[in-house]
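Peer 1: sequence first, then the predicted structure:
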Amino acid sequence: MPNNPTKILLLTTLVSGVLVSVSSNSWLGAWMGLEINLMSFIPLMSNIKNMYNTEASLKYFIVQVLASTTLLFMVVMKTLTEDLFTLESTAYTPMIICTPLLLKSGAAPLHWWFPGVMEGLSWENCALLMTVQKASPLMLMSYLIEINMFTFSIILMSTIVGAIGGLNQTSMRKILTYSSINHTGWMLIALALSESLWTVYFAVYSTLAVTVVSAIKLSGVSFINQTMMTNKEATLMKFMMFTSLLSLGGLPPFLGFLPKWVIIQAMIMNSLAPMATIVVVTSLMTLYYYLKISYSSFMILSTEPKWNMKAPSNKKTSNITALALSSISMTGLAACTIIANIY
């Protein structure tokens, strides 16, 4: 928790914006919640000492305002042309209102702003952007989303763009961005099938994203080639970072596999086996670029330059938090299986 009172206030209003948005019984109230959330996040992003933070916050502000304006315009237009209170659904209603929400959540093909914004943010803000900022748009989409061609095309594009986009990246932030786009595709599948599925997936994904960010922040890594430069003394830190990454990719022994497993089962039960095949293949591609980061450090004969003088971080609280989160990531699947078998 930040010790700066301004940050605490902004984080409180950020979360309250999400709560207003998801608990509102009208689209106008939902829009107001989204705006409260946006107005709280922009000051958190901005930093006058860092030019990249200012640029990222400006990009994010313009995109989110565009999405919010479009959403308000669409809702007002629908209420004026159809029914003021019930918003009776036609074939195009879900598509019209979901489009600005998809832009807000960074789903493909409306993801173009996401990598650029993530690249200019601090790790704490990256974690917020990948988790909390996706909650309200996705929850609002759950009221409208249907299993149709539009939803399928968005899901396929998100999973494919998220998988292929991360293959040629060297920046850890951009790799996490494309992974987040891929996970957004999975979350949209979960929303289309069942809201409880989405809740489970989002909770696990948020935990894993925070775990990865806390482990990467401790090691001070921003690019792939720096993973080989971390100290041999910081073995635990390396282990935490790479197991968390593999868990986020959905490797079976780890917790990240659990929600994907449940969603694949639900898709097969709903006769969506071809879609399940495509999303599993794209998930394997995301796992490939996580392994690309991890393999050099997992090797027994990994090299380290002699001039590497960077001392490991000694912040005890951060170390304990990262260790606790990564242990949940490693043992979570086993714990869930044991609990399910007991009950």
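Peer 2: Right, received. Where do you want to start?
Peer 1: count the residues that sit near residue 148.
Peer 2: Using other CB atoms under 10 Å, residue 148 has 12 other residues around it. C-betas here are computed from N, CA, C, even on glycine.
Peer 1: ignore what I typed, I meant residue 102.
Peer 2: The number of residues packed around residue 102, counting by other CB under 10 Å, is 22.
Peer 1: residues contacting it?
Peer 2: 110, 137, 141, 154 (CB atoms under 8 Å, 6 or more residues apart in numbering).
Peer 1: again with residue 46
Peer 2: Under the criterion of CB under 8 Å, 6+ apart, the contact list for residue 46 reads 53-54, 57.
Peer 1: got the phi/psi numbers for it?
Peer 2: Reported as degrees, to the nearest 10, the phi and psi values for residue 46 are phi -70, psi 140.
Peer 1: before we move on, the earlier item: show me which of the contacts of residue 46 are buried.
Peer 2: When the contacts of residue 46 are checked for burial by 16 or more other CB atoms under 10 Å, the buried set is 53, 57.
Peer 1: pick the one among the contacts of residue 46 closest to residue 288.
Peer 2: Within the contacts of residue 46, distances to residue 288 taken as CB to CB reach their minimum at residue 53, with 31.1 Å.
Peer 1: which pLDDT does the model give the nearest residue to the closest one once chain neighbours are set aside?
Peer 2: Using CB to CB, 6 or more residues apart in numbering and skipping residues adjacent in sequence, the residue nearest residue 53 is residue 47, 4.1 Å away. At residue 47, the predicted lDDT confidence score is 75.
Peer 1: kindly report the same for residue 260.
Peer 2: 91.
Peer 1: does it really touch residue 252, like I thought?
Peer 2: No. With contacts defined as CB atoms under 8 Å, residue 260 does not count as touching residue 252, sitting 9.4 Å away.
Peer 1: between these two, who's got more neighbours?
Peer 2: Summary of the neighbour comparison: residue 260 and residue 252, criterion other CB under 10 Å, with residue 260 having more neighbours (22 against 11).
Peer 1: which residues of the stretch 101-250 of the chain fall in helices?
Peer 2: 114-119, 123-130, 132-141, 149-165, 172-193, 195-219, 235-249 (DSSP state H, counting those that start in this stretch).
Peer 1: and residue 282, which of those helices is closest to it?
Peer 2: Each of the helices of the stretch 101-250 of the chain was checked against residue 282 via CB to CB, and the shortest separation belongs to helix 149-165, namely 3.9 Å.
Peer 1: export that closest one as CSV, just CAs?
Peer 2: Taking Å, rounded to 0.1, in the frame of the first residue of the first chain, the C-alpha atoms of helix 149-165 are listed here in CSV:
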residue,chain,number,x,y,z
MET,A,149,-20.4,-14.2,-34.9
PHE,A,150,-19.3,-10.7,-33.5
THR,A,151,-18.3,-12.2,-30.2
PHE,A,152,-16.4,-15.1,-31.8
SER,A,153,-14.5,-12.8,-34.1
ILE,A,154,-13.4,-10.5,-31.2
ILE,A,155,-12.4,-13.6,-29.1
LEU,A,156,-10.4,-15.1,-32.0
MET,A,157,-8.7,-11.8,-32.9
SER,A,158,-7.8,-11.1,-29.2
THR,A,159,-6.3,-14.6,-28.7
ILE,A,160,-4.4,-14.6,-32.0
VAL,A,161,-3.1,-11.0,-31.8
GLY,A,162,-2.1,-11.6,-28.1
ALA,A,163,-0.2,-14.8,-29.1
ILE,A,164,1.5,-13.5,-32.3
GLY,A,165,2.2,-9.9,-31.1
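Peer 1: test my guess that residue 216 contacts residue 238.
Peer 2: No. Because the distance of 10.9 Å does not satisfy CB under 8 Å, residue 216 is recorded as not touching residue 238.
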